[in-house]
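> I need the structure of the sequence given here:
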Amino acid sequence: MNRSDVFVILTTLKPLESVSAAGKMNNRAGSFLQNLRQFRTLVPTGRTVRLYPSGFCRPQIVYSNWNARNFLNNFDNTIQSSIRCLFQNALICKSGDDGFQTKGIRILTALTIDRLLCPRRLSFDSKHFLVSDNGLKKINFHHEASNEEVTKRTKPTPVSCRKLSEKCNSLSDVLDLFSEAPTFPSSNYFSAMWVIAKRMSDDQKHFEKQLMFNHPAFSQLCEHSMREAKIIHCNSLLFSLHAMVKLGIPQNTLLIQTLLRVVQERINECDEKCLSILSTILEAMEPCKNVDVLRAGLRMLVDQQVWKIEHVFTLQTVMKCIGKDAPIGLKRKLEMKALKQLDQFSVLNSQHMFEVLAAMNYRSVILLNECSAMVTSNIHGCPLKILINILQSCRDLRYHNMDLFKGIADYVATTFDIWKLKQVLFLLILFENLGFRPVGLMDLFMKKAADEPGFLNVKSLVSILNVYSSLNHLDTCQAHEFLDVMTNALTGSLHHISSENLLNAVCSFCLMNRFPLAPVNQLLQKDIINELLTSGDVERNVHKLHILATCLKLDDAPYHKDIHLALPKPPLTPLQPNAKAGEALSSLLGEGYFSKSVQLPHNYYIDFEIRMDTNRSQVLPFSDADVVTSATDIQRVAVLCVPKSTYCLGSTHPRGFLAMKMRHLKVMGFHVILVNNWEVEKLEMKDAATFLKTKIYSTEALSTADVNLQSTC
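The predicted model follows:
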């Protein structure tokens, strides 16, 4: 028989009527004793609640030896102290205000424990809800105490995270206070420790964390936090989990995994603030089963509540957390929500939106354009870290905004003296990744690097050479002095430079048509060549060694032209020339007057080859015999159809590899003509032919080109 049956028996006992006859009183007493015998078989006479230091209680049933006579003599006292604290949804039974009456037993009132002793209604399978401030002890409730006294006696006194962080100076101080008098909720202790840790230096923080893990009260605090996870408020649970993760508690521990499971079960309790905290937690954690499940739950919750989010910061935090593999529909919904709140964006929100969209891997051009305009107009005073994040995000999103890039470059150039050379170099590396050539900033850096060569180490040296060679930037006034400084720095680093770094540096010099003697000699040693061909990124190394070999043969290098490197042949990648350009040339020149897809020595490839007189006024017939014949009065013209990526961003300044190819084609006797693919594609066929005509014929020959064309048709 369960407790509900006991309650039925108690509530169905009929009240006794008052009589004066002794016989009737004896009958009444006998009936009453019979009911008591039935009742004593169902419930124990005494029940106490044992409180544990963890802040929770377990009921302990105490069975005593008793008989009916003793029970009858003490029945009044027993009824008066019959407040019973049971588990969740159990009963609290108490007598009437006047105790036991001679007129009979009053009908007992029953109260269901709901929110009397708990901060919130218990869910799931928890059996604990009481808290204690004084360790292990027993409590008894008496009917004489009022409801306010009972509530005051059992209601926990929350410990303030702010007061703890102000009172304590170290993580161990917080744990000492907890071990002396643990109070509810335990989550505030972790939050206080994280607030204190944020005030420390990295070395001090590392030392304090080791003391925290070794503290005897740390494991007890973790146990308390696990027990309280289901009953504390959701934001307190999330704040404590965030503090634990930031404090460096390993993610695979029972504590972290337990809290992750509880958060999964309680995720529907999250409001906007909780969504922000949860997003921050997931962003800081490594992928695992519980994290992945929780992230999926967050996505579903955000999908339902996205239109209810009021603060831009919360929206951006959630967007950053949902991940690159989130459904495209959810990403678009978040984009629409962000566009709807554009009028609420602060400068900081606009700066942060680049990183948010990169974390989502979602290229919203509208959002990026709006944020770029706000960032550019408020660029002064922007921290370097923000500028770096913006450029990195633009690179990841393949977003190119000339006004934004110019604004950043001009701001850094204007305030050049306040920046360290390493900071400016990092920005230049990002600009090179984006293909943007900040002329003024690169000139300033070139001059500063030449004046202060002491900051050059191997890593920075290789990076500088790569930036300037890739963007093909050599100021005529300062190039010689700058390259001399770079050459001396590389020569002084030969005793400890790696083979790959040496190859990268020498290859950058080759792109700039410069050949430092000592570095090239060391690179050409057989043991270094063999190392490059057998380790690391072999394909990339082979490509750069081919560039070196080609430059040594074609450029004016101080080496013997018969130097031969036994290199594997690079893979041939047949490229199709621009079809529209080929059709326009056919209509302009006629068949047989040009050749397409021409493969040249040194692994060079050109789209079209045209043969003309030396004045480039007349196109000559193109045949096999003419190819073999090397007449001095024939000008070979190489037409290269190039994409935008071969130029620096927003200009027609060729980048390093295109500039080197043009230089080598001229050495091989070609006149080089660049045809921009994107320009040809926009033109009609007639206009495309006219466009190519102006490119092929010299300015002086354009007036007579029509006559020449008629004779070749």
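
> all strands for this protein, in order.
For the chain, the strands defined by DSSP state E occupy 46-51, 57-62, 91-94, 109-112, 137-139, 594-600, 604-613, 634-642, 670-676.

> does residue 519 really touch residue 488, like I thought?
No: between residue 519 and residue 488 there is no contact under CB atoms under 8 Å: 10.8 Å. To be clear about C-beta, it is placed using only N, CA and C from the backbone, and glycine gets the same treatment.

> higher neighbour count, those two?
residue 519 (20 against 13; other CB atoms under 10 Å).

> for residue 490, see how far away that one is.
Using CB to CB, to the nearest Å, residue 519 is found at 5 Å from residue 490.

> identify the contacts common to these two.
residue 505 (CB atoms under 8 Å, 6 or more residues apart in numbering).

> which stretches of the stretch 301-450 of the chain aren't confidently modelled?
Within the stretch 301-450 of the chain, no stretch has pLDDT under 70.

> how does it look with 90?
305, 322-323, 325, 381, 447-450 (pLDDT under 90).

> now do the helices in it.
Using DSSP state H, counting those that start in this stretch, the helices of the stretch 301-450 of the chain run over residues 312-321, 328-340, 347-360, 365-377, 384-397, 402-414, 421-434, 439-451.

> would you format those helices as JSON lines with distance to residue 537 included?
Below are the helices of the stretch 301-450 of the chain laid out as JSON lines (distance: least, CB to CB, whole Å):
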{"stretch": "helix 312-321", "distance to residue 537": "32"}
{"stretch": "helix 328-340", "distance to residue 537": "34"}
{"stretch": "helix 347-360", "distance to residue 537": "26"}
{"stretch": "helix 365-377", "distance to residue 537": "33"}
{"stretch": "helix 384-397", "distance to residue 537": "21"}
{"stretch": "helix 402-414", "distance to residue 537": "29"}
{"stretch": "helix 421-434", "distance to residue 537": "18"}
{"stretch": "helix 439-451", "distance to residue 537": "28"}
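
> the ones you listed: which one's closest to residue 460?
Evaluated over those, closeness to residue 460 peaks at helix 421-434, with 6.1 Å, by CB to CB.

> alpha carbons of the closest one, in CSV - could you do that?
Provided in CSV are the C-alpha atoms of helix 421-434 (Å, rounded to 0.1, in the frame of the first residue of the first chain):
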residue,chain,number,x,y,z
LEU,A,421,56.7,47.0,-38.3
LYS,A,422,55.5,43.5,-37.4
GLN,A,423,51.9,44.8,-37.1
VAL,A,424,52.1,46.5,-40.5
LEU,A,425,53.6,43.4,-42.0
PHE,A,426,50.7,41.3,-40.9
LEU,A,427,48.3,43.7,-42.6
LEU,A,428,50.4,43.6,-45.8
ILE,A,429,50.2,39.8,-45.8
LEU,A,430,46.5,40.0,-45.6
PHE,A,431,46.3,42.6,-48.3
GLU,A,432,48.5,40.3,-50.5
ASN,A,433,46.1,37.4,-49.8
LEU,A,434,43.3,39.7,-51.1
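
> what is it packed up against?
helix 384-397, helix 402-414, helix 439-451, helix 458-470 (3 or more CB pairs under 8 Å, 6 or more residues apart in numbering; DSSP states H and E).

> would you mark the buried spots in the third one?
So the one you mean is helix 439-451. 441-447, 449-450 (16 or more other CB atoms under 10 Å).

> and these as JSON lines, adding distance to residue 555?
Formatted as JSON lines, the buried residues of helix 439-451 follow (distance: CB to CB, whole Å):
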{"residue": "441", "distance to residue 555": "29"}
{"residue": "442", "distance to residue 555": "23"}
{"residue": "443", "distance to residue 555": "25"}
{"residue": "444", "distance to residue 555": "29"}
{"residue": "445", "distance to residue 555": "26"}
{"residue": "446", "distance to residue 555": "22"}
{"residue": "447", "distance to residue 555": "27"}
{"residue": "449", "distance to residue 555": "24"}
{"residue": "450", "distance to residue 555": "24"}
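
> wait, which of these is closest to residue 641?
residue 442 (28.6 Å).

> how is this protein divided into domains?
Structural domains annotated on the chain: 3-154, 579-712, as defined by automatic domain parsing.

> quick one on the thing from earlier: highest average neighbour count across the helices and strands packed on helix 421-434?
Comparing the helices and strands packed on helix 421-434 by mean neighbour count (mean count of other CB atoms under 10 Å), helix 458-470 ranks first with a mean of 21.
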